[in-house]
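*Asks:* model this:
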Amino acid sequence: MTAANLVPDQQSLVEVGAAVRARLAADPGVYRIENDHCELFAIGDFLSLAECERLCTMIDEVARPSALHELDYASGFRTSYSGDLEQEDSFVKGISRRIDDLLGIETAFGEALQGQRYLPGQQFQPHNDWFYTSEKYWQLEKARGGQRSWTAMAYLNNVEEGGATMFTEIGIQIEPKPGVLLLWNNALPDGRPNEGTMHAGMPVVKGVKYVITKWYRTRPWR
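*Replies:* Okay, here's the model as predicted:
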C-alpha cells in the first residue's frame with residue numbers, strides 16, 4: 001500500500017494496536033471477549049466500590065447535557081449528561097494513570113477522563129468512537145491529536161433496569177457492573193477505522209447509570 005492510499009494516522013494505528021494487543025494478551029487479569037468484528041476486552045474489579053462511589057459524586061458535580069460534534073442534546077442522539085473530570089485532581093490522575101499503564105500508552109496521548117450519567121429514558125444511540133475524516137469536525141480533531149485508537153470505559157454502579165452497552169455488529173449486550181472496565185481497539189489490525197466497533201448506550205429504564213470513559217489519540221492530545 002502506498003502512502004497516498006493510507007487513511008489518516010493509519011500507520012500509527014497499526015503500531016499502537018500491535019503494542020496494546022501484545023500487552024493485554026500478556027496480562028492474566030484481562031479477559032478477551034471473543035468475536036469476529038473487533039478487539040474487545042474486559043477487566044473485572046478494575047475499580048473498587050469506594051472508588052466508584054467517589055467518581056459518581058464527582059460526575060454529579062460536572063455533568064452537563066451531552067453534545068456530539070454538530071449534534072446537540074436536543075437531537076436525541078446522545079441524551080446523557082457528561083463532563084470532564086478535573087485532570088489535576090490527584091484521585092482522578094491516579095485512576096487515569098492506571099488505565100494508561102494497563103494499555104501501555106503514554107499519558108500525553110489520552111484525553112481527559114470523562115464522566116457520564118444516564119437517567120431514565122436517556123441513551124446514546126449506535127455510534128463509533130473513531131472520527132469520520134470526511135466530516136468538517138475532522139480538521140479540528142486532527143489538530144487536537146488525530147484519530148482515536150483505543151477506548152477505555154468503566155461502569156460505576158448497578159442499574160435497576162436497562163442501561164446496557166450494546167455492540168450492535170457483534171450482537172452482544174454487556175450489563176453494567178460496578179468496577180468493570182471495557183477496552184476496545186477502534187481500528188482494524190491494518191489501521192483502518194473499524195466499523196465493527198459500533199455500540200450504543202441502551203436507554204436506562206429504572207435508576208441511574210454512571211460510567212467513566214477515556215479515549216486515546218495517535219498523537220499527544222490537546
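
*Asks:* Please count neighbours and contacts with C-alpha atoms only from this point.
*Replies:* Noted.

*Asks:* got the end-to-end distance for stretch 17-32?
*Replies:* In stretch 17-32, first residue to last residue: 15 Å (C-alpha to C-alpha, to the nearest Å).

*Asks:* Which residues does it contact?
*Replies:* The contact list for stretch 17-32, computed with C-alpha atoms under 8 Å, 6 or more residues apart in numbering, reads 39-44, 102-105, 149, 185, 187, 189, 191.

*Asks:* Which of these fall in strands?
*Replies:* 40, 41, 42, 43, 149, 185 (DSSP state E).

*Asks:* Centre of the chain to the least confident helix or strand in the chain by mean pLDDT, how far?
*Replies:* For the chain, counting by mean pLDDT, DSSP states H and E, strand 64-65 ranks last in confidence among helices and strands (a mean of 93). Centroid displacement of strand 64-65 relative to its chain, using C-alpha atoms, centre = their mean, to the nearest Å, is 18 Å.

*Asks:* Dump the helix or strand following that strand to CSV, restricted to CA.
*Replies:* Using DSSP states H and E, the next helix or strand after strand 64-65 towards the C-terminus is strand 81-84. Provided in CSV are the C-alpha atoms of strand 81-84 (Å, rounded to 0.1, in the frame of the first residue of the first chain):
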residue,chain,number,x,y,z
TYR,A,81,-25.2,14.2,30.9
SER,A,82,-21.4,14.3,30.9
GLY,A,83,-18.3,16.3,31.8
ASP,A,84,-14.6,16.1,32.0
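
*Asks:* Quick one: list the elements packing against strand 81-84.
*Replies:* Counting contacts by 3 or more C-alpha pairs under 8 Å, 6 or more residues apart in numbering; DSSP states H and E, strand 81-84 packs against helix 49-62, strand 64-65, strand 114-118.

*Asks:* shaky segments in the protein?
*Replies:* Scanning the chain with the threshold set as pLDDT under 70 gives 1-5, 68-76.

*Asks:* which residues of it fall in helices?
*Replies:* For the chain, applying DSSP state H gives helices covering 10-25, 49-62, 90-103, 138-144.

*Asks:* The residue most central in space within the chain pairs with what?
*Replies:* Nearest to the mean C-alpha position of the chain, by C-alpha atoms, centre = their mean, lies residue 151 at 3.5 Å. Judged by DSSP bridges, the bridge partners of residue 151 are residue 184, residue 215.

*Asks:* Residue 58 against residue 85, yeah?
*Replies:* Yes. Assessed by C-alpha atoms under 8 Å, residue 58 is found in contact with residue 85 at 7.2 Å.

*Asks:* and these two? which has more neighbours close in?
*Replies:* residue 85 (20 against 17; other C-alpha atoms under 10 Å).

*Asks:* quick one: that one from residue 134, how far?
*Replies:* Per C-alpha to C-alpha, residue 85 is found 30 Å from residue 134.

*Asks:* now do residue 47
*Replies:* Using C-alpha to C-alpha, residue 47 is found at 37 Å from residue 134.

*Asks:* Which residue of these two possesses the greater neighbour count?
*Replies:* residue 47 (19 against 8).

*Asks:* Now do the contacts for the more buried one.
*Replies:* With contacts defined as C-alpha under 8 Å, 6+ apart, the neighbours of residue 47 are 178, 179, 180, 181.

*Asks:* wait, which of those residues is closest to residue 169?
*Replies:* Using C-alpha to C-alpha, residue 181 is the member of the contacts of residue 47 that sits closest to residue 169, with 20.1 Å.

*Asks:* shouldn't the residue nearest to the centre of the chain be in contact with residue 187?
*Replies:* No. In this structure, residue 151 is not within contact of residue 187 by C-alpha under 8 Å, at 10.5 Å.
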